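[1] Any chance you can model this:
(one chain, ligands or ions: 2)
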Amino acid sequence: MSLEISDLRIEIGARAVVDGISFAVPDGARVGLIGESGSGKSLTALAILGLLPDGARATGSIRWNGREILGLPDREVAALRGDDIGMVFQEPRTALNPIRTVGRQIGESVRIHERVSRREALRRAVIEAERVALPDPERIVSRYPHQLSGGQRQRVAIAMALACRPRLLIADEPTTALDVTIQAGVLALLRALVQDAGMSLVFITHDLAVLAQVATHAVVLEHGRVVEQGEVAELLRAPSSSVTTALLRDATATLWHPERSPGPIRGAAEPGSTSPGPASTGPTRGTSSAGAETAPDVGGDDTPTGEHLP
Ligand SMILES: Nc1ncnc2c1ncn2[C@@H]1O[C@H](COP(=O)(O)OP(=O)(O)OP(=O)(O)O)[C@@H](O)[C@H]1O
Ligand SMILES: [Mg+2]
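    Ligands and ions are numbered 1, 2, ... in the order given. Model prediction:
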């Protein structure tokens, strides 16, 4: 199950906001799309999902398992969404319906795609809630989104996206709205679920430290163009574009500063280090210090839980 994007162009009015992007997501690969605000990340994701805003025109090619999906009729792209391709967006508040229980929302895509009964859908919702490590799944499914913490809501959004066992997950800044410790837990969960299921992932972020935690490959965008792409480890070791270098500097700074300053300099100067600088040491250390690897929170980001789920 692979995704191939070739020479994708998206025009809004007379402006090319995505200007000839090409990259591939082979089966089981986890690809991070990274770039500054306005570089075209979200529009690229929306094009894959057939959800471009009115007035946007896309040309080029988006192939899913060899089949051209750019320009397919709405009905056919809608059948792929949620079934073959799942999605998680930045702000769980807007992704969730405030007046429906989370169980109903998690079960909804199962009902639509697998045509099961409401009762069966709810049973599946409990299983999915458990899978994303929501506390007390049997009870939490009858709660409403506002009764959950931000981290829990994002877990619900992930459960919704994964309920139908998609082969590709597209996640657009899924943890940006969360604070850092909660972010680490949700990222660890997302990566574990994707890895265990052998799913492919397109993960959008503006933060290279975050990308390094979940992705195997990175595609760096600037003004709607790809300026660099390759394996994450290679990109961190020897970035070839000024954009990546700047992203690396920012990521390293974020990761090191809380502990001690001037951290990055020390890391670079470690004896025996042959690498050019913080580039190679920073993010690796940051990844483990963020606790994503060693301490995945098991619903433990959920301060409000106690209040709402006694
Ligand atoms: N609905 C729209 N109408 C007009 N222009 C748009 C629309 N959506 C996006 N754009 C423009 O297209 C460009 C790319 O937008 P996109 O949302 O893909 O950026 P992004 O890389 O996701 O940025 P961010 O990191 O801020 O989310 C931007 O210049 C943006 O202003
Ligand atoms: Mg965006």
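
[2] Can you pull the residues of the stretch 151-300 of the chain lying near ligand 1?
    His206 (CB under 6 Å from any ligand atom). Yep, even glycine has a C-beta here, placed from its N, CA and C like the rest.

[3] pLDDT score assigned to Ala78?
    As predicted, Ala78 sits at a pLDDT of 89.

[4] check contacts around Gly72.
    Just to correct that, residue 72 is Leu rather than Gly. Neighbouring residues of Leu72 by CB atoms under 8 Å, 6 or more residues apart in numbering: Gly50.

[5] Roughly how far does it sit from Arg139?
    41 Å (CB to CB, to the nearest Å).

[6] now do Arg249
    From Arg249 to Arg139 the distance is 46 Å (CB to CB).

[7] what does Leu201 give?
    On the measure of CB to CB, Leu201 and Arg139 end up 30 Å apart.

[8] before we move on, what about Asn97?
    With distances taken as CB to CB, Asn97 is found 19 Å from Arg139.

[9] again, but for Ser37
    From Ser37 across to Arg139, the span is 39 Å (CB to CB).

[10] Show me which of these two is the more surrounded one.
    Arg139 (15 against 7; other CB atoms under 10 Å).

[11] ranges for the strands of this structure?
    Listed in chain order, the strands of the chain (DSSP state E) span 3-12, 15-25, 30-35, 56-64, 67-68, 85-88, 168-172, 200-205, 217-222, 225-231.

[12] The residue of the stretch 151-300 of the chain found nearest ligand 1: what's it in contact with?
    For the stretch 151-300 of the chain and ligand 1, the shortest gap (CB to the nearest ligand atom) falls at His206, measuring 5.2 Å. Neighbouring residues of His206 by CB under 8 Å, 6+ apart: 34-37, 41, 173, 176, 247.

[13] would you list those in JSON lines and tack on pLDDT?
    Below are the contacts of His206 laid out as JSON lines (pLDDT from 0 to 100):
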{"residue": "Ile34", "pLDDT": "97"}
{"residue": "Gly35", "pLDDT": "95"}
{"residue": "Glu36", "pLDDT": "91"}
{"residue": "Ser37", "pLDDT": "93"}
{"residue": "Lys41", "pLDDT": "96"}
{"residue": "Glu173", "pLDDT": "93"}
{"residue": "Thr176", "pLDDT": "85"}
{"residue": "Leu247", "pLDDT": "92"}
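
[14] Among those, which lie within helices?
    41, 247 (DSSP state H).

[15] Mind giving me the ChimeraX select for the contacts of His206, buried ones only?
    The ChimeraX selection below is limited to those of the contacts of His206 classed as buried (16 or more other CB atoms under 10 Å):
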select :34,35,41,173,247
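
[16] Mind putting the contacts of His206 into a markdown table with distance to His223?
    Listed next are these as a markdown table, based on distance: CB to CB, whole Å:
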| residue | distance to His223 |
| --- | --- |
| Ile34 | 14 |
| Gly35 | 9 |
| Glu36 | 9 |
| Ser37 | 11 |
| Lys41 | 12 |
| Glu173 | 19 |
| Thr176 | 21 |
| Leu247 | 15 |
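
[17] Stretch 138-148 - what's its average pLDDT?
    pLDDT averaged over stretch 138-148 gives 96.

[18] Show the end-to-end separation of that stretch, please.
    End-to-end span of stretch 138-148 (CA to CA, to the nearest Å): 14 Å.

[19] Could I get the buried residue list for it?
    Applying 16+ other CB under 10 Å to stretch 138-148 flags 140-141, 143-145, 147-148 as buried.

[20] Would you confirm that Arg104 contacts Val126?
    No. Between Arg104 and Val126 there is no contact under CB atoms under 8 Å: 11.8 Å.

[21] which residues sit in contact with whatever residue of the stretch 51-200 of the chain ends up closest to ligand 1?
    Nearest residue of the stretch 51-200 of the chain to ligand 1, counting by CB to the nearest ligand atom: Pro53, 3.7 Å away. Residues counted as contacts of Pro53 (CB under 8 Å, 6+ apart) are 12, 46.

[22] Could you check the pLDDT of it?
    For Pro53, the model assigns a pLDDT of 93.

[23] Quick check: closest non-adjacent residue to Leu52.
    Leu46 (5.1 Å; CB to CB, 6 or more residues apart in numbering).
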